[in-house]
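A structural model of the following input is requested.
(one chain, ligands or ions: 3)
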Amino acid sequence: MSKIIKNGKIVTASDIYNADIIIDEGVIKEIGIDLPLNNHEVIDAMGKYVVPGGIDAHTHLNLDVGIAVAKDNFYTGTVAAACGGTTTIVDHMGFGPKGCNLKHQTAVYHGYADGKAVIDYSFHGVLQHVNEEILNEMEEIINNEGIPSFKAYLTYDYKLSDMEVLNVLIRLKELGGLTTVHPENDAAVNYLRSYYSKNGMLTPIYHALSRPAECEAEAINKMINLAAIAGNAPLYIVHLSCELGLDYIKMASERGQKVYAETCPQYLLLDDERYNESNNEGLKYIMSPPLRKKQDQEKLWKGIRDGFIQVVATDHCPFDFNGDKQLGKDDFTKCPNGAPGIETRVPLLFSEGVSKGRISINKFVEVISTNPAKIFGLYPRKGTIAVGADADLVIIDPDKEVILSKNILHENVDYTPYEGMKLKGYPVMTLVRGKVAAKDNKFVGEIGYGKFIKRCIDKCPL
Ligand code: URP
Ligand code: ZN
Ligand code: ZN
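Residues are numbered from 1 along each chain as shown. Ligands and ions are numbered 1, 2, ... in the order given. As a prediction, this is how the structure comes out:
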């Protein structure tokens, strides 16, 4: 049935205005003032903002890290996303069996998501080795499978060599794709981890100390220079956590290099004092890169305001505190890396960003929706409110006060890093292609409604 959203304040990355929206067959049919009700189902948005659905460009659903499996799958994770105002995710596929090709993991992930996801989705390719076969296969994955972005890891088991990274940057530039990178200097991490281990320094704070900002920034700088050598290949830095890394990104952008950066709410709002919480609660924050200093947080907010950081994603990778995370209770190196956040991203950015005056509401829309849509090839179908676009919409009540707690969230994990945080402003309705998926913090959508969206980056409009 067609719908009309009445009396809302529409916000895009560039505008803010009062108007009604008519939705039919999943898309926005008309936007205008005082549109007639006709036979449309009416949604009253008086006193509320209507914003484009959130796009989370960095999640890890169904992720198997060997010692544990992430607690959210494509059903539970996307239910949580919908309740938190996210209508599309781009999930980072995990590693497959050693030596597998790109198609292998693509098939596995379609199997995970198909018939389960409640919101729309896509995947980033994962690179676990690079050779002629993989470089050739990229063309098919980009052009036929609609997956034009790939992640290279510079640490962990399947880290790529500089030569592999260069080949990827060159090839993806040629094919109109995008290289995304997890930047941490593997040698530095391993040196520091073994130093702390040998000296019995094994509590959660040593996780942070073994992955210092220099370790991340060095890898960012290296990637920027390799991208330049690859003929100014476009580069996307995932989960930026520190000021030093941001400085390198700024320098490259000011020189005209195409470097995009993503940060996450945990790096904007939490700091490394969390690792010293009593009862080993510091394990909750073991993620890579680790939480940094308060000063880094302020610089990251400024980086968003200044446009050097274009995206806020989550890196949602949930492991239970009672169970999975306890693997690290006597030794931080044994703790699975990652934390939940798929449901709290939009509310946190609204409350801590817009309500607290750190960013404008247009910037909020830009970083949670429009920029990820543009960078990853979903725009203008997604990421904005315009006639012809998918009716992926979120209604936010700017006055709604919520105390975040594991008990009110839908993430399938036994804690939230934001327990007890008081928020001002919260999503009260989420529509995915015109269908209400969440209302007043309840999931009201349908299992399997989410569609795989083929993406095409080629020329990013950013
Ligand atoms: O600790 C993290 N971030 N885990 C998820 C995998 C990754 O590196 O993005
Ligand atoms: Zn990563
Ligand atoms: Zn990640």
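
Could you show which parts of the stretch 51-200 of the chain are in contact with ligand 1?
60, 182 (Cβ under 6 Å from any ligand atom). All C-beta spots, glycine's among them, are computed from the backbone N, C-alpha and C.

try 5 Å this time
Residues of the stretch 51-200 of the chain that fall close to ligand 1, judged by Cβ under 5 Å from any ligand atom: residue 182.

And the residue of the stretch 1-150 of the chain closest to ligand 1?
Of all residues in the stretch 1-150 of the chain, residue 60 sits closest to ligand 1, at 5.3 Å by Cβ to the nearest ligand atom.

Over to the stretch 301-450 of the chain?
residue 337 (3.3 Å).

That residue: neighbour count?
Neighbour count for residue 337, taken as other Cβ atoms under 10 Å: 20.

Check the secondary structure at it for me.
coil (DSSP: H, G, I helix; E, B strand; the rest coil).

rewinding a little: the residue nearest to the residue of the stretch 1-150 of the chain closest to ligand 1 when sequence neighbours are not counted: what's it in contact with?
Excluding the flanking residues, the one nearest residue 60 by Cβ to Cβ, 6 or more residues apart in numbering is residue 317, at 4.1 Å. By Cβ atoms under 8 Å, 6 or more residues apart in numbering, the residues touching residue 317 are 59, 60, 63, 70, 287, 337, 338, 339, 340.

what about the helices in the stretch 251-400 of the chain?
For the stretch 251-400 of the chain, applying DSSP state H, counting those that start in this stretch gives helices covering 265-269, 294-305, 345-348, 361-365, 371-375.

In TSV: those, plus mean pLDDT, distance to ligand 1 and mean neighbour count.
As requested, these are exported to TSV (pLDDT from 0 to 100; distance: least, Cβ to the nearest ligand atom, whole Å; neighbours: other Cβ atoms under 10 Å):
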stretch	mean pLDDT	distance to ligand 1	mean neighbour count
helix 265-269	99	9	23
helix 294-305	98	16	18
helix 345-348	99	15	26
helix 361-365	99	23	22
helix 371-375	98	16	27
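
Put together CSV for those helices, with distance to residue 122 on each row.
CSV is the format used below for the helices of the stretch 251-400 of the chain (distance: least, Cβ to Cβ, whole Å):
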stretch, distance to residue 122
helix 265-269, 21
helix 294-305, 24
helix 345-348, 17
helix 361-365, 20
helix 371-375, 11
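
Need the per-residue pLDDT for the nearest residue to residue 182 once chain neighbours are set aside.
Excluding the flanking residues, the one nearest residue 182 by Cβ to Cβ, 6+ apart is residue 153, at 4.6 Å. Confidence at residue 153, expressed as pLDDT, is 98.

got it, and the one 4 residues further on?
pLDDT, the model's per-residue confidence, is 88 for residue 157.

what do you get for residue 443?
The model's pLDDT for residue 443 equals 99.

Hmm, it is touching residue 84, no?
No. Between residue 443 and residue 84 there is no contact under Cβ atoms under 8 Å: 10.7 Å.

what about the helices in the stretch 51-200 of the chain?
Taking DSSP H, counting those that start in this stretch as the test, the helices found in the stretch 51-200 of the chain are 76-83, 102-113, 132-143, 162-175, 186-198.

ok, back up a step: how about the contacts of residue 317 in CSV, adding pLDDT?
Formatted as CSV, these follow (pLDDT from 0 to 100):
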residue, pLDDT
59, 99
60, 98
63, 98
70, 98
287, 98
337, 98
338, 98
339, 98
340, 99
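
Drop anything exposed from those.
Neighbour counting with 16 or more other Cβ atoms under 10 Å marks 59, 60, 63, 70, 287, 337, 338, 339, 340 as buried within those.

Correct me if wrong: the fifth one contacts residue 339.
Pointing back at residue 287 there. Yes. At 5.0 Å, residue 287 counts as touching residue 339 under the criterion of Cβ under 8 Å.

Show me the common contact partners of the two, please.
266, 315, 317.

residues in contact with the second one?
Neighbour list for residue 315: 58, 59, 60, 238, 239, 264, 266, 287, 338, 339, 341 [criterion: Cβ under 8 Å, 6+ apart].

Can you give me the neighbour number for residue 135?
17.

Next one: the closest residue to it other than its chain neighbours from ligand 1, what distance?
Among residues not flanking residue 135 along the chain, residue 171 sits closest, at 4.8 Å (Cβ to Cβ, 6+ apart). Relative to ligand 1, residue 171 is positioned 22 Å away (Cβ to the nearest ligand atom, to the nearest Å).

Please work out how many residues are found near residue 171.
Neighbour tally, residue 171, other Cβ under 10 Å: 21.

you'd agree it is up against residue 137?
No. Residue 171 is beyond contact range of residue 137, at 10.3 Å (criterion: Cβ under 8 Å).

Ramachandran angles for residue 31?
Backbone torsions of residue 31, given as degrees, to the nearest 10, read phi -130, psi 130.
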